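Engineer: pasting the sequence and the predicted coordinates here, then a few questions.
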Amino acid sequence: MSGLEESDGMPPEKSHWRCPSCWAIQEKAVRPHPEAASVGTVTCNACGAAFPESDVHGGKYDADPAVPEPARAGKRNPLALLVVAVVAAAMLYFGFHMARRSGPMPPAITKSGPAPDFTLQTLDGESMRLSDLRGKAVLLNFWATWCSPCKIEMPWFIELQKQYGSQGLQIVGVAMDDSGKEDIAKFAKDMGVNYPVLLGKEAVGQAYGGVFALPESFFIGRDGKIVDKIIGLKGKAEIEDSIKKALDTQAVNSQAAASQQPQN
């Protein structure tokens, strides 16, 4: 009698089992007699792990070779999980801020167009008007105290203000969060901010395209026109290149501009 036959002369069942340790599928080599107590162990041909014969032949580890290996936590791609988390966070962020905004869509802000003018309050309680900075190159940065990428680029802004301030650069921060003025002032002081911080308003954010993602930075030339825009966190070198573009512009002489207007 063959070693693969039972005492009743019937061949063993053609079935497979999946090793719970390495997930390899292999064919059952022995079919214990239904009425006999199954004892001993069965060893996986792939990894060598041993399991009770009763579990292997009792159906606990039965598997279909045509069914692919199921996904396991240990084989999840960390990058894929990170992408999913970022997408989910972005959806929550956009959903929250879109829910807060009502009315028509904000106008699109394009390069070479004039920077929308505004007047906002500083942390010192004074008013600052953007057009009062005409003749300077302005880095207008929309940020928030809860924005982690904003905290990364702030030290760069501090260094760049020191480096290019004498050449006509003026960085202006616009806080676009719900924190009180005291909290924002403490945050700016702790960060060592050396440029004006303004208390933002939704109307100003709408004027600059909605500012749906933070940080957002607009680089305004000496003539008051936008020369570049950066959404999200970028490298310091890229920010510095955009600052140089703004510094390379020429201030517009208001009298000369008026004289060039067509006469009626």
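Structural biologist: In hand now; what should we look at?
Engineer: the stretch 1-150 of the chain: helices as residue ranges?
Structural biologist: Ranges of helices in the stretch 1-150 of the chain, per DSSP state H, counting those that start in this stretch, are 53-57, 78-100, 148-164.
Engineer: outline the domain layout of the chain.
Structural biologist: Per automatic domain parsing, the structural domains of the chain span 16-63, 119-252.
Engineer: to S112, which of these lies closest?
Structural biologist: domain 119-252 (5.8 Å; CB to CB). Where you see a C-beta, it was placed from the backbone N, CA and C, and this is true even at glycine.
Engineer: how long is the closest one end to end?
Structural biologist: One end of domain 119-252 to the other measures 21 Å (CA to CA, to the nearest Å).
Engineer: and among the domains of the chain, the most buried is which?
Structural biologist: domain 119-252 (a mean of 17; mean count of other CB atoms under 10 Å).
Engineer: can you flag the weakest of the domains of the chain by average pLDDT?
Structural biologist: Among the domains of the chain, domain 16-63 carries the lowest mean pLDDT, a mean of 71.
Engineer: next, the distance between the ends of that domain.
Structural biologist: Using CA to CA, first and last residues of domain 16-63 are 6 Å apart.
Engineer: quick one: residues contacting P20.
Structural biologist: Shown in contact with P20 (CB atoms under 8 Å, 6 or more residues apart in numbering): F51, Y61.
Engineer: rerun at 10 Å
Structural biologist: C44, A49, F51, D55, K60, Y61 (CB atoms under 10 Å, 6 or more residues apart in numbering).
Engineer: how close does the third one get to S21?
Structural biologist: Read it as F51. Applying CB to CB, to the nearest Å, the value for F51 to S21 is 8 Å.
Engineer: who touches both of those two?
Structural biologist: Applying CB under 10 Å, 6+ apart, one finds that F51 and S21 are jointly contacted by C44.
Engineer: who are the contact partners of V174?
Structural biologist: 118, 120, 130, 140-144, 196-201, 204-205, 208, 211, 216, 218.
Engineer: ignore the last one, T119
Structural biologist: S127, M128, R129, L130, S131, D132, L198, K201, V204.
Engineer: most widely separated two among those?
Structural biologist: Longest span within the contacts of T119, CB to CB: D132 and K201, 17.6 Å.
Engineer: helices along the stretch 151-264 of the chain, start to end?
Structural biologist: Applying DSSP H, counting those that start in this stretch to the stretch 151-264 of the chain gives helices spanning 181-191, 202-207, 236-247, 254-259.
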